[in-house]
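Asker: Sequence and predicted structure below; questions after.
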Amino acid sequence: MLNCPICQLQYVEKQAQFCTSCGWNLKPYPLSIGEIPQEFQEKQKIQLDWAQKIWGQVKQQVAETQKQAVQIEQSLSEIESIKTQAHQERVHLEEELSQARTQIEQLKQDKGLQDVTLTQIQTRFSTLQSEVQSLKQHLDRTQTELTHSQEEQVKLKTQLQQADAEKSQLQLEKQKLTKELTQVSQERSQLKTDLAQIKHRNTELQSQISQVQSQLNLAHNKSSRLELDLEKAQQAQSALQNELSLFQEKLKRSSQEIENLQSKLSSAGIPLPKQDPFNPRGWGTPHKQDPFNP
């Protein structure tokens, strides 16, 4: 047995869909929905607190109204008792008054009645009249109290009608909340479907990213190898440049020595060869441009 979260009425789980006392939705959340979002839980808690507060106010108003109704019933019962007692006293006084009138009539017929006795009877008659007047005033006050009690009863009926109206409003609010809960459940199902699609798309993107990352790694490795080869080529080119510079220096010195030797031979009258196999285009002039040093 479980208790309703609003009015604490006991019910059998999975058998009752709505509370028979306050009408709250008692259907549990299906397990297929999965974990409930935090925002929905907070919204549901606010709605639950509001419903508990409204139910407490309605219950308190109904209890106070019932208490006032009981008090009014007691007051009415007391008033009816007083009214009955006053009626009995009035009947008794009227009987006494009737007896007094009868006695007066008898005394009037009795010519020999003394004046003193007649005065006493008249005094008794006046007293009875005063008591009757007092009783009438008491009845008037009782009638006024009864009217006031009826007005209070009308007010209590009005309060009961207001409580019924508030209860109806609570029922409408409950239906509205139930409708909103259904809409939220539908939206959550749609969000769950969208989330599954997003996860599937994310998996595909992760696979594509992995492939691109592999390609980038291969390209990076290839770039590293190319950079290493380029560095080696640059080192080789630098070495060749150094060798070429040394060779050009040697060639320049050789050309200078040849020019000096030629000058000495010319001074000695020794004929010069027509063409140098190492320099067919002229002394000290390279016949071809250096490809590494333009």
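Answerer: Looks like it came in fine.
Asker: Determine the number of other residues adjacent to S207.
Answerer: By other Cβ atoms under 10 Å, the residues close to S207 number 10. Using the backbone N, CA and C atoms, a C-beta is placed for each residue, glycine as well.
Asker: Look up how far R201 lies from it.
Answerer: The spacing between S207 and R201, counted by Cβ to Cβ, to the nearest Å, is 11 Å.
Asker: what does Q129 give?
Answerer: Taking Cβ to Cβ, one finds Q129 at 106 Å from R201.
Asker: Same check on Q10?
Answerer: 49 Å.
Asker: One more: D194?
Answerer: D194 is 10 Å from R201, by Cβ to Cβ.
Asker: Repeat that for E187.
Answerer: Distance from E187 to R201, by Cβ to Cβ: 20 Å.
Asker: circling back to that earlier point, the more surrounded of Q129 and R201?
Answerer: Between Q129 and R201, counted using other Cβ under 10 Å, Q129 has the larger neighbour count: 13 against 10.
Asker: Not counting sequence-adjacent ones, nearest residue to that one?
Answerer: L97 (7.7 Å; Cβ to Cβ, 6 or more residues apart in numbering).
Asker: Any idea how many residues pack against the nearest residue to V12 once chain neighbours are set aside?
Answerer: Counting by Cβ to Cβ, 6+ apart, V12 lies nearest to M1, which is 6.5 Å off, once chain neighbours are set aside. Neighbouring residues of M1 were enumerated by other Cβ under 10 Å; the total is 6.
Asker: Could you do C19 as well?
Answerer: C19 - counted by other Cβ under 10 Å - has 20 other residues nearby.
Asker: May I have the phi/psi pair for the residue lying closest to it once chain neighbours are set aside?
Answerer: Of all residues not flanking C19 in the chain, C4 sits nearest, at 4.4 Å (Cβ to Cβ, 6+ apart). Dihedral pair for C4: phi -60, psi 130, per degrees, to the nearest 10.
Asker: How about R124: what's its closest non-neighbour residue?
Answerer: In this structure, R124 finds its nearest non-sequential neighbour in A100, 6.1 Å apart by Cβ to Cβ, 6+ apart.
Asker: so that neighbour touches S126, yeah?
Answerer: No: assessed by Cβ atoms under 8 Å, A100 is found out of contact with S126, at 10.2 Å.
Asker: Please say which of the two ends up with more neighbours.
Answerer: A100 (17 against 10).
Asker: before we move on, which element is the more buried one in?
Answerer: helix 38-109 (DSSP states H and E).
Asker: tell me how far that helix is from the chain's mean position?
Answerer: In terms of Cα atoms, centre = their mean, to the nearest Å, the centre of helix 38-109 is set 47 Å apart from its chain centre.
Asker: related to what we said a few turns ago, model confidence for the residue nearest to C19, exactly?
Answerer: pLDDT for C4: 87.
Asker: I79 now?
Answerer: We note a pLDDT of 84 for I79 in this prediction.
Asker: any idea how far V132 lies from L240?
Answerer: As judged by Cβ to Cβ, V132 and L240 stand 151 Å apart.
Asker: And for the closest residue to I54 other than its chain neighbours, the neighbour number?
Answerer: Nearest non-adjacent residue to I54, counting by Cβ to Cβ, 6+ apart: L170, 5.4 Å away. By other Cβ under 10 Å, the residues close to L170 number 20.
Asker: Run a quick check on L170 versus A51, I expect a contact.
Answerer: Yes: applying Cβ under 8 Å, one finds L170 in contact with A51, separated by 7.4 Å.
Asker: okay, and the common contacts of the two?
Answerer: C22 (Cβ atoms under 8 Å, 6 or more residues apart in numbering).
Asker: Identify, by residue count, the longest helix of this protein.
Answerer: helix 115-268 (DSSP state H).
Asker: helices or strands up against that helix?
Answerer: helix 38-109 (3 or more Cβ pairs under 8 Å, 6 or more residues apart in numbering; DSSP states H and E).
Asker: roughly how far apart are L246 and K252?
Answerer: Taking Cβ to Cβ as the measure, L246 falls 11 Å from K252.
Asker: If you could redo that for Q85, that was the one I meant.
Answerer: 155 Å.
Asker: cool, A268 as well?
Answerer: 24 Å.
Asker: Could you do Q103 as well?
Answerer: For Q103, the distance to K252 (Cβ to Cβ) stands at 180 Å.
Asker: now do A51
Answerer: As judged by Cβ to Cβ, A51 and K252 stand 107 Å apart.
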